[in-house]
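In: Can you look at this prediction? I've put the sequence above it.
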Amino acid sequence: MNYEAVKLGAEVVAFVFLTGAVYTAFSLRSLMSRLGGAKVSAFLFTGAAIFWLGYLTNVLNDVFPIEFMKVFDDVLVAIGMLIITLSAFVIKENIAVKLTPKRVGSGNPKLKVGSYMIKPLPLQELLGLLEGGRVFAVTRNPEPYRKRNIPHLWITAATVDKTENVIHPTRLPPLLHAILENSGPDTFLIIDGVDYLKLYNGFDAVMKFLLALKDNLSSRDAGIVLVLDPETMERREVAMLEKEFQWLTEGEKSP
């Protein structure tokens, strides 16, 4: 067996594995779309397709040597890699959110770390319940948090000037990632946009998101407080939430 045959065989095997990797990546396109957005996801998979085509051209060039194809395959591979790299960078930037939870008051946290729900109330009163803890928020209405300098992630479907952390309500995986990246001991996350997330994702998807969030925060010795009006939810939905989250009343403290 000569060198050319061995080289061709190796390239064919590599191409088969590359094809499998590209196929697997395409099967995850819905997840990638949620992570980076539909446009970035389409750009990424265009790059993967161009890279795959370039490698195919390289294999064919070993079977049917053509001077033009020797250069063309390298050009396709280079373009594909450039598009993939740029897309990956944009996705990384989209999910990289830096929030430093702010300690409210002084001393030890008054509220025991756990998973809670509370009906809407003025933010100052809610912060009083969380005194001693480090607080940040995911909110539909950022203004009260902005006024009190509470770190927050603004969930909105509107196109806004990104002068603060903004995320689309359908992008639950990046939202989960951003929250967990900024959580730690004695941290309390406030979420006051559950009904808004439900509107865009459906209750079942939001419930799965909240359960994943609850479990991961618990493992980090962090707590969560859902601010929601039960009148905006169906009775079945409230009952499911009540199985996982404890109603919190004003003035409640840790035992």
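Out: Yep, that arrived. Residues are numbered from 1 along each chain as shown.

In: which stretches of the chain have low pLDDT?
Out: Applying pLDDT under 70 to the chain flags the ranges 1-4, 28-38, 68-69, 89-98, 160-164, 250-255.

In: ok, T57 touching D73?
Out: Yes - here T57 reaches D73: they are 3.9 Å apart, a contact under CB atoms under 8 Å. Just so you know, the C-beta spots here come from the backbone N, C-alpha and C atoms, and that holds for glycine as well.

In: Helices along the stretch 51-200 of the chain, start to end?
Out: 67-95, 123-129, 143-147, 172-181, 194-201 (DSSP state H, counting those that start in this stretch).

In: Take those and write them to a markdown table, including distance to V6 and mean neighbour count.
Out: Formatted as a markdown table, those follow (distance: least, CB to CB, whole Å; neighbours: other CB atoms under 10 Å):
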| stretch | distance to V6 | mean neighbour count |
| --- | --- | --- |
| helix 67-95 | 19 | 15 |
| helix 123-129 | 69 | 17 |
| helix 143-147 | 64 | 15 |
| helix 172-181 | 43 | 18 |
| helix 194-201 | 52 | 18 |
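
In: closest one to I224 among those helices?
Out: helix 172-181 (9.0 Å; CB to CB).

In: Show me what that closest one is packed up against.
Out: Here helix 172-181 touches helix 29-36, helix 67-95, strand 152-155, strand 166-167, helix 203-219, going by 3 or more CB pairs under 8 Å, 6 or more residues apart in numbering; DSSP states H and E.

In: on that earlier part again, columns distance to F209 on top of the helices of the stretch 51-200 of the chain, output as a markdown table?
Out: Shown next, in a markdown table, are the helices of the stretch 51-200 of the chain (distance: least, CB to CB, whole Å):
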| stretch | distance to F209 |
| --- | --- |
| helix 67-95 | 15 |
| helix 123-129 | 21 |
| helix 143-147 | 21 |
| helix 172-181 | 5 |
| helix 194-201 | 7 |
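
In: Cool, thanks, talk later.
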